[in-house]
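# predicted model, plus sequence, below.
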Amino acid sequence: MKRLKKIIIICGHYGSGKTNFAVNLAVDLRKQGYPVTLTDMDIVNPYFRSSDHSEMLDSKGIKVIAPVYANTNLDAPAIPAEMYSAFDRSGYSLFDMGGDDAGATVMGQFFRNITGKEYDMLYVINGKRAMIENVHDAAEMLYSIESASRLKATYIVNNTHLKDYTDAKTILESMEYAEKVSEAVNLPILCTTYPVSMIKEQEISATGGIITQHLYPVEVFVKTPWEVN
Amino acid sequence: MAKVLMKGNEALAEAAIMAGCRHFFGYPITPQTELAAYMAKKMPKIGGVYLQAESEIAAINMVLGASAAGKRAMTSSSSPGISLKSEGISYIAGSDLPAVIVNVQRGGPGLGGIQPSQADYWQATRATGHGDFHLMVYAPSTVQEMTDLVALAFDNADKYRMPVMILSDGMLGQMMEPVELKTANATDCPIEKPWAACGHRNSRPHNVINSLYLTPQALEELVKKRYEKYEVIKKEEQMADEYLTDDADIILVAYGASSRICRTAVNTARKEGIKAGLIRPITLWPYPAKYIEKHIAHAKAFLCVEMSMGQMVDDVRLCVNGRKPVAFYGRTGGIIPAPDEVLNEIRKLTGGVK
Amino acid sequence: MAVVFQKPQALLDVPFTYCPGCTHGIIHRLVAETIDELGIEGHTVGVAPVGCSVMNYNFFACDMVQAPHGRAPAVATGLKRAIPENIVFTYQGDGDLAAIGTAETVHAAVRGENITVVFVNNAIYGMTGGQMAPTSLPNQVTQTTPYGRDTSYSGHPIRVCEMLATLEGTALAQRVSVDNVKNVQNAKKAIKKAFTYQIEKRGFSIVEVLSTCPTNWGLDAQESLQWLRDNMIPYYPLGVYKDVGGTTK
Amino acid sequence: MSTLNILLAGFGGQGILFLGKMAAYAGLMDNRQITWLPSYGPEMRGGTANCSVCISDDLIGSPLVINPDILVAMNLPSLEKFIDKVVPGGTVLVDCSIIDKKVHREDINVFYVPATRLAADNGLPGLANMIMLGKMLKETKFCTENALEEALLKCVPPRKADMMELNRKALKIGSEL
Amino acid sequence: MAKAIIDETKCKGCGLCVAACPRKILVLSPDKINSKGYRPAQVVDQSKCTGCASCAIMCPDVAITVER
């Protein structure tokens, strides 16, 4: 996979799998020996957020910064001042933005902290996710995220999946969708993910299709309580 | 004290005043309006507060405020109004505040009608608002009992720091009976309330009344603690009245107005040689299970009679737990079952009528 | 050297949990300074709303009661009627006061309820993540007006002070802002006047404070103040909308 | 007979509930158990009104009178609605100045009282109810005379003391019919 | 001589004080990073401070004490 800038912002439609991708990328970069910070900027969703995985990330030496009331009973979207520090840290700093333009709006207040710095913003898409399955809608969504966050995306991450029903065919077929989105928004595709616990890379090649994108194996971290182990 | 003739609603109001209640917040709704009118007339004369709120929602929250300040506070309404109060009741329970809420039930659902009903049993005993909590629920069946239970309701609300409901109905609210008002010297804050938010006077740390807990663990712990208290209440506070149950084959179970009908039906059945008896729950939560348990061995069948499509019968069946048949008879929509209709059901159970 | 500015006593030594640059903190401080200056902390009870400032019961040193959403004026009414010798104030946001709690607000004013309302208007729902508030401006983009607030469809913003000024029971209705030093000082005077009116038993007093929401506006702290000046003040002019006048202090 | 069930029925505004209250208080003054239960439509005035009064030596079960021992009917719909419910041997008082229909049951005692006309003739407007009560006392002896006088003292508020004599006069007219 | 004392543990680095200071003697620290990793406000030239308290008046976190 292409080498990314030190500041990596992950955005997308809520439910597209942003958080799971962000957690995988953080773990991956940490494994390569870099210092890694993961900032949970999601003040919109109360559940299924990267700070849910703080303990695991912590044990791997990944610094997590979360909203003040993340994982509490209160849904006040208070941003801790510590979030400013994420723009100054050594190593990789990942930002898991909340879904949609709503999540992206939160990034707006950090505009000055990021101007003049190099960053990559990854737009995570899922061709099976209702509301962005249509290429036009996926493009619209990106534009509204970009305008709310006052930042520009640099890559597309094709994270198409259907949860338990994901199979090699789902992955292969999604590549065409990703390409269309890529063309529509004029952004390169960084990778296409596949859930490594469910599908082997060979199975995707064995479908007979042509693999046009970099395949990136991901663990499924974001789970419902009854899916654990 | 000499007996006087009073309407149920007036008796409730006077009893509350005698129990030390000096803060009443209401909103008119038939058939409980006399209660508010009585308070409006009486409170200014004794230095108390009667305030007509802009809605039932506001009224219950005024109760929350007065109770948070440490005072005995009360509100009353009828079925549709109680639905509106349910938000505030949940907050009162979640903030461990005492309060007395009166429901003079009428027919429902929706606007329903103004005639008496007992169709809010589930609402009172199962879900008077969102979240895990209970109210103590008292069901008077005479005007005299309306007065006696109000005093008890205030005492227990303070003792257990929880909302208590008087679940009455339009018939009891509107009817007159002789009442003996027992003199009481209660004040509006008869017990120490060190938790009250009434100004710390620079002599203690600030008190906070709230129902928000930041971690699910803290919230669970608190709710569990409240449920331990509920267990104590279940053990200590069950109340029921029994009538001719010792040798009864057929045991009727009814509360409030319908228990009055049943008493008449039991008398007639006895004249016909049918051994009928009546258990009349006075507390609906905690449900007086032990009174039913006593008679499961000798009773041949139970008959639950309600002014609803059958709500309390669930609790009777839970108590009897399949050991004996439990039948149900009810009228709804504001219709009061007639003693003859109940008698017919008793006859059916004894095999007298095929 | 003398200390000329420090944390007021009526604020507990607990860091605010608001976003950086959120002006709730300034308004909290003004209320606390007022309580200090009037020497009333020991007999003041505050009512916390539902909204971002729901946890302000952890910040104010006086006794506090947390109310259901929108019901703070009703809870305050109950408190004030029960302990009339105490000072009772509510601290409410725009959703709490001007949407779900409109009836409670209007009728507390109608009754001339002798309480003080501190109304924080930032034209958006902060707590739930940036949805339309009753005070959101025409054409303002929020989560629930993604194409801008269309007044012909979603209705018009409420000007609370202007509305309450028409009511007999209102003793003081004043709109202030905290976007610069001078305005903060004016806001302080208004809040102090409102509390003083309560002490003098003049009836219902409300101070509407124009405030910011950097997080949900997607602007930094300074840009937010500018947005307030450019957009909110023209729609919500600052000033005294009703004042029974003649305060003795 | 340990329980006497009385049903009073007519239009709203005829003083039906007051009539019931008088009967109930009279029972109370005789130291007996009593209940009083009104029933009316959603409209406060002008609709039908009826009132159940039970007077008993024992605890009263149902306060709702379905089969009355005594029925006082002050309009036609009330008479038609309740006449078949009266227990055999029971007593029915009909205001015959309003109801021109006769009762056909043979097993009950029916008294036709031109109460409304008598009230008007004697300058006692609105006191037809008290004339009916006087007649009811005479025919059923449901309470002692003394108790009825005491009930009057309880039921007529002091600020309407001038009404007291008029009420007494109406009761007397009824009891002498 | 006047003095503005900034409590770095309370400062959230929002910068409202920087904009409010009429003498322009406040900055968000260009080199210092506090224990939580971000740049708190600091006074660059205390000698120019007049003790007007504008910074403290605009501080949403009551992080500034002013002496004069």
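That came through, no problem. Numbering: from 1, shown residues only, chains lettered A, B, ... in the order given.
# once you drop chain neighbours, what's closest to the residue in chain E positioned nearest to chain A?
Chain A sits closest to residue E:37 of chain E, with a gap of 2.8 Å, by C-beta to the nearest C-beta. Using the backbone N, CA and C atoms, a C-beta is placed for each residue, glycine as well. The shortest distance from residue E:37 to any residue other than its chain neighbours is 2.8 Å, reached at residue A:85 (C-beta to C-beta, 6 or more residues apart in numbering or on different chains).
# surely the residue of chain E closest to chain A and residue A:82 touch.
Yes. In this structure, residue E:37 is within contact of residue A:82 by C-beta atoms under 8 Å, at 6.2 Å.
# contacting residues for the closest residue in space to residue C:238 that isn't next to it in sequence?
If you skip the residues right next to it in sequence, residue C:238 has residue C:175 as its closest partner in space, 5.3 Å away by C-beta to C-beta, 6+ apart. For residue C:175, the set of contacting residues under the criterion of C-beta atoms under 8 Å, 6 or more residues apart in numbering or on different chains consists of C:161, C:207-210, C:236-239, C:241.
# what is the burial count for the residue lying closest to residue B:313 once chain neighbours are set aside?
In space, and not counting its chain neighbours, residue B:313 is closest to residue B:304: 4.1 Å by C-beta to C-beta, 6+ apart. Other residues near residue B:304 number 26, with proximity taken as other C-beta atoms under 10 Å in any protein chain shown.
# could I get the helix or strand where residue C:105 lies in CSV with only the CA atoms?
Take DSSP states H and E as the rule and residue C:105 turns out to sit in helix C:102-110. Once non-C-alpha atoms are left out, helix C:102-110 reads as follows in CSV (Å, rounded to 0.1, in the frame of the first residue of the first chain):
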residue,chain,number,x,y,z
THR,C,102,-41.9,26.8,25.7
ALA,C,103,-45.0,26.3,27.7
GLU,C,104,-43.1,26.1,31.0
THR,C,105,-41.1,29.3,30.1
VAL,C,106,-44.1,31.3,29.0
HIS,C,107,-46.2,30.4,31.9
ALA,C,108,-43.5,31.0,34.5
ALA,C,109,-43.3,34.5,33.0
VAL,C,110,-47.1,34.8,32.9
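# related to what we said a few turns ago, look at the residue nearest to residue E:37 and give its secondary structure.
Reducing the assignment at residue A:85 to three states with DSSP: H, G, I helix; E, B strand; the rest coil gives helix.
# next up, the contacts around it.
Contact criterion C-beta under 8 Å, 6+ apart gives A:65, E:33, E:36-38 as the residues in contact with residue A:85.
# quick one, what contacts the closest residue to chain B within chain D?
Nearest to chain B, among the residues of chain D, is residue D:61, at 3.3 Å (C-beta to the nearest C-beta). By C-beta under 8 Å, 6+ apart, the contact set of residue D:61 is B:260-267, B:339.
# show me which residues of the helix holding residue C:105 are buried.
For helix C:102-110, the neighbour count (16 or more other C-beta atoms under 10 Å in any protein chain shown) marks C:103-110 as buried.
# what sits up against it?
Applying C-beta under 8 Å, 6+ apart, the contact partners of helix C:102-110 are B:53-55, B:57-58, B:61, C:70-74, C:76-77, C:92, C:97-98, C:115, C:117, C:134, C:158, C:160, C:163-164, C:167-170, C:204, C:206.
# counting only strands, which of those residues make the cut?
Taking DSSP state E, the ones among the contacts of helix C:102-110 that sit in strands are C:92, C:117, C:170, C:204, C:206.
# determine which two of those are furthest apart.
Greatest spatial distance among these (C-beta to C-beta): C:92 and C:170, at 15.7 Å.
# for chain A, give the residue positioned nearest to chain E.
Counting by C-beta to the nearest C-beta, chain A gets nearest to chain E through residue A:85 (2.8 Å).
# helices along the chain, start to end?
In the absence of a named chain, chain A is used. A:18-31, A:54-59, A:100-107, A:111-114, A:135-149, A:168-185, A:201-206 (DSSP state H).
# not what I meant, chain E
Here chain E has its helices, by DSSP H, at E:16-20, E:54-58.
# for the stretch 51-200 of chain B, same thing?
For the stretch 51-200 of chain B, the helices defined by DSSP state H, counting those that start in this stretch occupy B:56-68, B:79-94, B:121-125, B:143-160, B:170-174.
# just to be sure, residue B:323 is in a strand?
No. Note on residue B:323: no strand contains this position according to three-state DSSP, which reports coil.
# just give the nearest non-adjacent residue to it, would you?
Spatial nearest neighbour of residue B:323, chain neighbours left out: residue B:296 (5.3 Å); criterion: C-beta to C-beta, 6+ apart.
# now do the one you found against residue B:139, distance only.
As judged by C-beta to C-beta, to the nearest Å, residue B:296 and residue B:139 stand 22 Å apart.
# so what's the residue count around residue C:167?
Applying the criterion other C-beta under 10 Å, we find 18 residues in the vicinity of residue C:167.
# smallest distance to chain C belongs to which residue of chain A?
Relative to chain C, the nearest point of chain A is residue A:108 (2.6 Å; C-beta to the nearest C-beta).
# contacting residues for that residue?
The contact partners of residue A:108, by C-beta under 8 Å, 6+ apart, come to A:148-150, C:217-220.
# now it: how far from residue C:224?
Using C-beta to C-beta, residue A:108 is found at 10 Å from residue C:224.
# need the overlap of contacts for these two.
Between them, residue A:108 and residue C:224 share these contacting residues under C-beta under 8 Å, 6+ apart: residue C:217.
# doesn't residue A:17 make contact with residue A:50?
No. Under the contact definition of C-beta under 8 Å, residue A:50 does not touch residue A:17, with a separation of 11.9 Å.
# ok, the two, which is more surrounded?
Neighbour tally, residue A:50 and residue A:17, criterion other C-beta under 10 Å: the higher count belongs to residue A:50, 29 against 26.
# for the most far-flung residue of chain D relative to its centre, what are phi and psi?
Note on chain D: the largest C-alpha distance from the chain mean falls to residue D:159, namely 23.9 Å (C-alpha atoms, centre = their mean). Main-chain torsions, residue D:159, degrees, to the nearest 10: phi -70, psi -10.
# what do you get for the one 10 residues further on?
With angles defined as degrees, to the nearest 10, residue D:169 shows backbone torsions of phi -60, psi -40.
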